[in-house]
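Trainee: mind folding the following:
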Amino acid sequence: MSKRRIPVRFTGQHFTVDRKLILKAIRLANISPNDTVLDIGAGKGFLTVHLAGLCHKTLAIENDLSLVKFLRQRFLKTPKVSVVGCDFRDFMFPAGKFKVVANIPYGISAEVLRSLMYEQAGKFIEGTIVMQHEAALKLCNKTMHNPLVALYRSFYKINIIGEVSPESFVPPPRVKSALVHLKSSPESGIPVYRKKAYLNFLTFMLQKPELPVKMVLKQLFRKTQVRQLARKHLIDLTKPTHLMHPKEFSACFREMDQIVPKKYHPGRRI
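Mentor: Numbering: from 1, shown residues only. Purely as a prediction, here's the structure:
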């Protein structure tokens with residue numbers, strides 16, 4: 001293998017050079033000619049070059065100034081590719097819906113996920129992301145300790161496709177990596193404009209995740225309402241709250257919206 005320049009990046013970026021992995025990630029994202037697609041941490045454009053001929057617009061986002069210069073030169077005559085030189089955390093998202101195919105910088109994984117599945121929920125519709133394997137497992141864990149993860153899993157279907165070999169990157173990471181597929185899902189029945197209220201609710205529910213579901217719900221609902229809610233949605237009131245399924249969280253939130261006065265909703269109390 002020929003030597004490649006390895007950029008020094010505080011974000012912990014490792015560039016994907018595995019052609020099979022790249023093509024698989026693109027295929028799983030179901031790219032169509034009308035899509036706008038984000039390549040976050042574009043590097044030298046290993047992903048970007050394959051996306052360029054498949055979609056309406058590819059936004060190659062890169063923070064390393066020397067790589068931004070390289071990308072702009074490489075895609076100078078490719079009008080469907082726009083190179084955006086900025087830290088992703090300062091990126092201005094497109095106005096319409098978009099997809100993502102990216103090998104995200106591991107050092108800012110949490111910020112990337114929050115931007116896509118919370119701040120841009122409803123606009124981010126599908127994508128494949130190469131990310132740290134440990135972080136991917138937390139997204140799919142059966143236990144719910146993080147309110148944001150509970151929200152992500154209410155609004156999106158998240159699946160780990162498989163582990164990614166360190167040899168697929170330059171430089172090879174010291175941690176395990178995974179390819180993850182994300183797709184917007186309407187199953188929760190919660191409209192996107194209610195996402196802040198829903199996050200407040202999840203934060204309230206999981207502030208003491210070891211408590212039984214019944215004890216937590218009784219702080220929001222009357223006793224009879226808790227029993228009715230449990231029967232209606234088949235919720236085990238004796239289990240700890242962190243073992244609730246995303247569908248159970250969303251069901252409880254919808255019930256709260258209908259029968260609990262707004263002044264008693266989490267986040268509204270003084």
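Trainee: helices of the stretch 1-150 of the chain, start to end?
Mentor: Taking DSSP state H, counting those that start in this stretch as the criterion, the stretch 1-150 of the chain contains helices spanning 19-28, 48-51, 65-74, 109-114, 133-140, 147-155.
Trainee: tell me what angle the last one forms with helix 133-140.
Mentor: Just to be clear, that refers to helix 147-155. Per axes from the mean of the first three to the mean of the last three Cα atoms, to 10 degrees, the angle that helix 147-155 makes with helix 133-140 is 60 degrees.
Trainee: turn the helices of the stretch 1-150 of the chain into a markdown table, including mean pLDDT, distance to residue 178 and mean neighbour count.
Mentor: (Glycine included, C-beta is placed from N, CA and C.) Listed next are the helices of the stretch 1-150 of the chain as a markdown table, based on pLDDT from 0 to 100; distance: least, Cβ to Cβ, whole Å; neighbours: other Cβ atoms under 10 Å:
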| stretch | mean pLDDT | distance to residue 178 | mean neighbour count |
| --- | --- | --- | --- |
| helix 19-28 | 94 | 11 | 17 |
| helix 48-51 | 95 | 20 | 22 |
| helix 65-74 | 96 | 24 | 16 |
| helix 109-114 | 96 | 11 | 18 |
| helix 133-140 | 94 | 4 | 17 |
| helix 147-155 | 97 | 15 | 22 |
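Trainee: between those helices, which one is nearest to residue 211?
Mentor: Nearest to residue 211, of all the helices of the stretch 1-150 of the chain, is helix 147-155, at 14.7 Å by Cβ to Cβ.
Trainee: send the alpha carbons of the closest one over as PDB?
Mentor: Extracted as PDB, the C-alpha positions of helix 147-155 are listed here (Å, rounded to 0.1, in the frame of the first residue of the first chain):
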ATOM      1  CA  PRO A 147     -32.900  10.100  27.100                       C
ATOM      2  CA  LEU A 148     -31.400  11.100  23.700                       C
ATOM      3  CA  VAL A 149     -30.900   7.500  22.700                       C
ATOM      4  CA  ALA A 150     -34.500   6.800  23.700                       C
ATOM      5  CA  LEU A 151     -35.600   9.600  21.500                       C
ATOM      6  CA  TYR A 152     -33.400   8.500  18.600                       C
ATOM      7  CA  ARG A 153     -34.900   5.000  18.700                       C
ATOM      8  CA  SER A 154     -38.500   6.500  18.800                       C
ATOM      9  CA  PHE A 155     -37.900   8.500  15.600                       C
END
